[in-house]
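sequence and computational prediction follow.
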Amino acid sequence: MPSLKTLAHNAETDVRFTGGHSLCRGCGAPTVVRTVLNSIPTPVVVVNATGCLEVATTRYPTTAWGVPWLHLAFENAAAAASGLETAYRALRKRGAIPDEPLTFVVFGGDGGTYDIGLQALSGALERGHRFLYVCYDNEGYMNTGIQRSGATPFAAATTTSPSGRRDYGKHQTRKDITAIAIAHHIPYVAQAAISHWQDLSDKAVRASQQQGPAFLNVLSGCALGWGHPPADTIEVVRLAVETRYWPLYEVVQGHYWLNHRPERPLPLEEWLSRQDRFKHLFASENREHLTELQALVDAEWTQVEARAVVDAPWFEARPEMRGGRV
Amino acid sequence: MLEAPALSLLTGGEAVAVAVRQIDPDVFPVYPITPQTPIIQSFAQMVADGQARTEIINVESEHSAMSAAAAAALAGARTLTATSSQGLALMVEVVYIAASLRAPVVMAVGNRALSGPINIHADHSDAMLARDTGWVQLFAENAQEAYDLMLLAPRLAEHPEVRLPVMVGLDGFTITHSAEPVALLGDAKVQAWVGEYRHPYPLLDTANPVTVGPFAMPDSYFELRYQLQEALERVPGVLEALCRGYARLSGREYAAFESYRLEDAERALVVMGSAAGTAKEAIDRLREQGEKVGLLKLRLFRPFPAQALREALAHVPHVAVLDRALSLGSFPPLYAEVCAALYGSPTRLQSYAGGLGGREIYTEDLMRLFGELAELPAGPTRYVGLRR
């Protein structure tokens, strides 16, 4: 498990992602990128789906990336990674490149992962390419100005699911992309959050060590889209974890391990009330939707927790297969 | 000293598969679609039998095929693929991007009509969808040409003066599925001809990291697009030199276009693809009757060899252009190109369109076309074989 000291050392000696980019104050994406890349011990090649991260870090002729980096389009990052990883295997087989380990990491936002990139992601997971797909999930199309995505939670207001005098925000529930990834029976799937860097770092290491595809869904943050002061991003994400909205767990060869069980879970309002996108839920006419959202969160937590209880003996026999508790 | 080539009976699809096996690319991402499928089926069997070391990626769509292909080529791997019709339509977003990132992918296209209505047979509307993408576009007349152009394509795509993806079109079914005698080169000869692929800045070189596919603002986008235009303009010269080398290797002469009985022609036809064979038959029959008719068969559609074509047709008073695609609401695409190339020339041009969705183009159709060509008043596109 990389210590903070190791991460800081890596960040200084092998600069994989540098400052000077134009991501917003309080954006969670660079935290995801730094934590993941500084944790992986091998050289890396990065693929980036179109989105905030891509646009803000590679304005020609500048770049924030100290590692090989490829962007093709919005919906095909996983397919591009398939091509890179296959090229690596093909060239290694022929002795055209050194026989050295290399980790392929994809960064895609939730739009590029849950929605438009789902097909390419599914195909790449099914084919078993050895790569790590990291979704930096900020629950909406933030780059284009805060539109709803398949990741936007129920009742959240966005510019395309606005709350108004006669509406309460997004009518549909969030797509469970983590469960979709799990359904591909790949070696490693996990949920993490930028508030729990040690857990995220640990998961990045373990994901990168798999012999097949690994998928990390990381709750990032978007001060602008969620509507909170930029300095509060980490804290707001932490509240998502502590209210059990965003369970931190990993699924190893199909077995669930819960990495964090809040001792005294906070009511969901603690998280919702910090964000403008949920402000309307506190009006009396919308209280029922708030209750509904709490029920959805409880149901998901209960499901993950139940799976983790069932799978606990599997991990007891294989303690090296799981991460820690945070 | 060239040995007399042994002929193999192969469909165009099989001939392309043999070319791919002999090139032995590193990576071949592909998705099945009629009439391309014989290419990948034949090649997959060759790989399964240990005749090529290629890594085939059986992707889940053509969009992903082109995405994986561009990425693999930029990683430093020689990468080929194949598609048709709706497959090309689906991938066209990334077809543009592959060219802009100078990924020297080679793609065989079993040319097929675009939906709708859905149709699996030959025409050129799929290729025309990709004419402005920055790819080099070549068209074959038959299986032999498909094979030869596939062997020329990697050299052209990877040439330091070019570094652009190349599409080799062969008409669906008419070429992809029809068996013809094909003269093949020996495997060792092909290996020596294509040589090793070396990308100057491969993505797998982690010691020298590059950022590929960045975001370009109004201060740089225009220049980056212009560089593509310049690269395409260098293609005819590079192709000519490669064709000389290929002629020494194979004994077969290639060029951007073929002139057939054109030197003293008073009426000429411009076509691409398999219809050229039919046109040659029509011309031979008319020549027997003393008619001075000829053919210009275009192989290189992008970049369009306007100047050379203008010179080749300068002495011909009447020229017909037969398109196997429409540009709905305007003149068909090949005609529009020839028109632009011959602007200001005294040659009279007439647009014809035919053979859409696999509609047969008969020798008699083209004989009639030559018969009316000199008499026609200037007018709109005429349709060959259309029932009205």
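Looks like it arrived, so ask away. Residues are numbered from 1 along each chain as shown, chains lettered A, B, ... in the order given.

the helix or strand where residue B:46 lies: what's the following helix or strand?
Element membership for residue B:46 (DSSP states H and E) is helix B:37-48. Sequence order places strand B:55-58 as the next helix or strand after helix B:37-48, per DSSP H and E.

residues contacting stretch A:28-35, please?
Contact with stretch A:28-35 is made by A:7, A:11, A:16-17, A:21, A:23, A:52-53, A:107, A:109, A:134, A:136, A:138, A:194, A:197, A:200-201, A:204, A:218-222, A:233-234, A:237, as judged by C-beta atoms under 8 Å, 6 or more residues apart in numbering or on different chains. No exception for glycine: its C-beta is placed from N, CA and C like everyone else's.

stretch A:211-230 near chain B at all?
No. Using C-beta under 8 Å from any C-beta of the partner chain, stretch A:211-230 stays clear of chain B, coming no nearer than 13.7 Å.

filter the contacts of stretch A:28-35 down to just the ones in helices.
Among the contacts of stretch A:28-35, the ones falling in helices (DSSP state H) are A:7, A:11, A:52, A:53, A:197, A:200, A:201, A:204, A:233, A:234, A:237.

count of neighbours near the closest residue to the second one other than its chain neighbours?
Using C-beta to C-beta, 6 or more residues apart in numbering or on different chains and skipping residues adjacent in sequence, the residue nearest residue A:11 is residue A:38, 5.0 Å away. Burial measure for residue A:38: 22 neighbouring residues, criterion other C-beta atoms under 10 Å in any protein chain shown.

which strand or helix spans residue A:38?
Using DSSP H and E, residue A:38 falls in helix A:29-39.

run me through the strand neighbours of the following helix or strand past that helix, direction for each.
Sequence-wise, the next helix or strand downstream of helix A:29-39 (DSSP H and E) is strand A:44-48. In the sheet, strand A:44-48 lines up against strand A:69-70 (parallel), strand A:103-109 (parallel) (DSSP bridges).

SS state for residue A:98?
coil (DSSP: H, G, I helix; E, B strand; the rest coil).

that one and residue B:176, how far apart?
40 Å (C-beta to C-beta, to the nearest Å).

these two: which is more packed in?
residue B:176 (31 against 11).

ok, the more buried one touching residue B:42?
No. Using C-beta atoms under 8 Å, residue B:176 makes no contact with residue B:42, being 10.8 Å away.

list the contacts for the residue nearest to the spatial centre of chain A?
Nearest residue to the geometric centre of chain A (C-alpha atoms, centre = their mean): residue A:218, 2.2 Å. Listed by C-beta under 8 Å, 6+ apart, the contact set of residue A:218 reads A:32, A:36, A:134, A:135, A:136, A:137, A:191, A:192, A:193, A:194, A:200.

ok, 10 Å please
A:28-29, A:31-33, A:35-36, A:107, A:134-138, A:190-194, A:196, A:200, A:203-204, A:237, A:246 (C-beta atoms under 10 Å, 6 or more residues apart in numbering or on different chains).

tell me which parts of the stretch 201-350 of chain B are close to chain A?
Residues of the stretch 201-350 of chain B found near chain A (C-beta under 10 Å from any C-beta of the partner chain) are B:201-217, B:219-221, B:223-224.

one step back: which neighbours do residue B:176 and residue B:42 have in common?
Residues touching both residue B:176 and residue B:42 (C-beta under 10 Å, 6+ apart) are B:11, B:13, B:14, B:15, B:16.

so of the residues you listed, which ones are in strands?
Applying DSSP state E to the shared contacts of residue B:176 and residue B:42, the entries found in strands are residue B:11.

selecting buried members of the shared contacts of residue B:176 and residue B:42 in ChimeraX, what would you type?
Burial among these is assessed by 16 or more other C-beta atoms under 10 Å in any protein chain shown; the matching ChimeraX selection reads:
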select /B:11,13,14,15,16
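
out of the shared contacts of residue B:176 and residue B:42, give me the two with the largest separation.
B:11 and B:16 (9.0 Å; C-beta to C-beta).

overlap in contacts, those two.
Joint contacts of residue B:11 and residue B:16 (C-beta under 10 Å, 6+ apart) are B:38, B:39, B:42, B:143, B:146, B:170, B:175, B:176.

most neighbours of all the residues you listed, which one?
residue B:170 (35 neighbours).

of the shared contacts of residue B:11 and residue B:16, which is the nearest to chain A?
residue B:39 (18.7 Å; C-beta to the nearest C-beta).

what score does the closest one have for pLDDT?
In this model, residue B:39 is scored at 97, pLDDT.

the one 5 residues further on now?
In this prediction, residue B:44 carries a pLDDT score of 98.

which residue, other than its chain neighbours, is closest to it?
residue B:56 (6.1 Å).

so what's the residue count around the one you found?
18.

I'd say residue B:36 and residue B:84 touch.
Yes. Between residue B:36 and residue B:84 a contact is recorded at 4.3 Å, counting by C-beta atoms under 10 Å.

for residue B:276, give me its contacts.
Shown in contact with residue B:276 (C-beta under 10 Å, 6+ apart): B:139-142, B:145, B:257-258, B:260, B:269-270, B:295-299, B:322.

meant to ask about residue A:25, not that
Counting by C-beta under 10 Å, 6+ apart, residue A:25 touches A:223, A:224, A:229, A:230, A:231, A:233.

ok, now how distant is it from residue A:233?
Separation of residue A:25 from residue A:233 (C-beta to C-beta): 9 Å.

tell me the contacts of the residue in the stretch 201-326 of chain A that chain B sits nearest to?
Nearest residue of the stretch 201-326 of chain A to chain B: residue A:213, at 13.7 Å (C-beta to the nearest C-beta). For residue A:213, the contacting residues are A:78, A:81-82, A:85, A:104, A:121, A:124-133, A:181, A:184, A:186-189, A:207, by C-beta under 10 Å, 6+ apart.

kindly report the same for residue A:267.
Contact analysis of residue A:267 by C-beta under 10 Å, 6+ apart lists A:243, A:244, A:273, A:294.

narrow those residues to those in helices?
Going by DSSP H, the helices hold residue A:294 from these.

quick one, strands of the stretch 251-388 of chain B?
Remark: strands assigned in the stretch 251-388 of chain B by DSSP state E, counting those that start in this stretch are B:257-260, B:267-271, B:293-298, B:300-302, B:318-323, B:348-354, B:382-384.
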